[in-house]
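A.B. asks: Pasted the sequence and its predicted model underneath.
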Amino acid sequence: MKIYALIGASGTGKSHRAQQIVGKKKIDCIIDDGLLIRNNRIVAGVSAKREKSKLAAVRRAIFMNEEHAHEVKSKIKRLHPKRILILGTSRKMVDKIVDTLGLPQVSEVIHIEDIATPEEIEDAKRTRQSEGIHVIPVPTFEVKKQFSGYFIDAVKMLFTDSKNRNKLVEKSVVRPTYSYMGKYTISESAIRAIAAHAAQGVDGVDKITRVSLKNHPDGIDINLDIIMDYGVNIVGVLTRVQASVRKTVEYMTALNVLNIDVVAKSLTVKKSK
């Protein structure tokens, strides 16, 4: 097993450029901020960006939690990757991760300055300082479960792999709780209003009579009772309501919608003029 290290100060764009190295070096797995990533999927670990303080985030990133470290070590043993890229702010941090996870010593060190221009590094720093956002090198759908309720968005990046083929890779942008911008809360009444409005906009829906929510650690369930227009395809309307509510709530709140139950309580017969 060969271990690569990508080193750079916090906010200089390491996670954003990790896939560039993966493609060129034929790397199997990435270790970044407490996560083990393989083939653009999170296969083990918990993101340090979920922690409520910077100190807790650092502890998570270097696997100081025994259960966390054991999970990642076990997954690496099962996968048996030939090459792993570890991201860190210093060589000391990377060596600490290597030691904790029982990995071979680092064979090759890559500095962010080797793969990004000074202008690109400064742009990355300004974005971190002004917007408080962080990049995770996996598609958005992969991180939604861990980051339900956080600011989350997608960014796409074109890079060239080891065979000089252009590839488009999606990464995820999050704003952690410990961001200097502070915390935010979305009330249940606001979420219910969003869900009701989304459902009301579907053709065949006459009224929304009830919207309720159930919270889970990784997202929410939404339940709606609706009154429908007589004569419409009931199954088709209910399916479109589910799709509209999920899309709208997830887009507007960044919450992970786990389940949507819609009940047609009654039908309204429109009076002919």
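C.D. replies: Structure's in. What do you need?

A.B. asks: In three-state terms, label Lys49 for me.
C.D. replies: For Lys49, the assignment made with DSSP: H, G, I helix; E, B strand; the rest coil gives helix.

A.B. asks: Where does the prediction get shaky in the stretch 51-200 of the chain?
C.D. replies: 127-185 (pLDDT under 70).

A.B. asks: Look up how far Lys247 lies from Asp229.
C.D. replies: 22 Å (Cβ to Cβ, to the nearest Å). For the C-beta atoms, the positions are set from N, CA and C on the backbone; glycine is no exception.

A.B. asks: neighbour count winner among those two?
C.D. replies: Taking other Cβ atoms under 10 Å, Asp229 and Lys247 do not tie; Asp229 has more neighbours (15 against 12).

A.B. asks: need the contact list for that one.
C.D. replies: Gly204, Val205, Asp206, Leu267, Thr268, Lys270 (Cβ atoms under 8 Å, 6 or more residues apart in numbering).

A.B. asks: okay, now the closest residue to the second one other than its chain neighbours: neighbour count?
C.D. replies: Just to be clear, that refers to Val205. Spatial nearest neighbour of Val205, excluding adjacent residues (Cβ to Cβ, 6 or more residues apart in numbering): Ile226 at 5.5 Å. Applying other Cβ under 10 Å, we find 24 residues neighbouring Ile226.

A.B. asks: host element of Ile226?
C.D. replies: For Ile226, the host element (DSSP states H and E) is strand 219-229.

A.B. asks: Return the set of buried residues in that strand.
C.D. replies: Going by neighbour count (16 or more other Cβ atoms under 10 Å), the buried part of strand 219-229 is Gly219, Ile220, Ile222, Leu224, Asp225, Ile226, Met228.

A.B. asks: Stretch 92-104 too?
C.D. replies: So for stretch 92-104, counting by 16+ other Cβ under 10 Å, buried means Met93, Val94, Asp95, Lys96, Ile97, Val98, Thr100, Leu101, Leu103.

A.B. asks: any chance of these in TSV, plus distance to Lys77?
C.D. replies: As requested, these are exported to TSV (distance: Cβ to Cβ, whole Å):
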residue	distance to Lys77
Met93	22
Val94	20
Asp95	20
Lys96	19
Ile97	16
Val98	15
Thr100	14
Leu101	10
Leu103	11
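
A.B. asks: hmm, which two among those residues are most spread apart?
C.D. replies: Met93 and Leu103 (13.6 Å; Cβ to Cβ).

A.B. asks: Quick check: buried residues in stretch 200-219?
C.D. replies: Val202, Gly204, Val205, Asp206, Ile208, Val211, Leu213, Gly219.

A.B. asks: Just the ones of these in strands?
C.D. replies: Per DSSP state E, strands hold the following members of those: Val205, Asp206, Ile208, Val211, Leu213, Gly219.

A.B. asks: Out of those, flag the one nearest to Val43.
C.D. replies: Using Cβ to Cβ, those come closest to Val43 at Gly219, 20.2 Å.

A.B. asks: all helices of the stretch 151-273 of the chain, in order?
C.D. replies: For the stretch 151-273 of the chain, helices defined by DSSP state H, counting those that start in this stretch occupy the ranges 188-200, 234-253.

A.B. asks: who wins for proximity to Ala5 among the ones you listed?
C.D. replies: helix 234-253 (35.8 Å).
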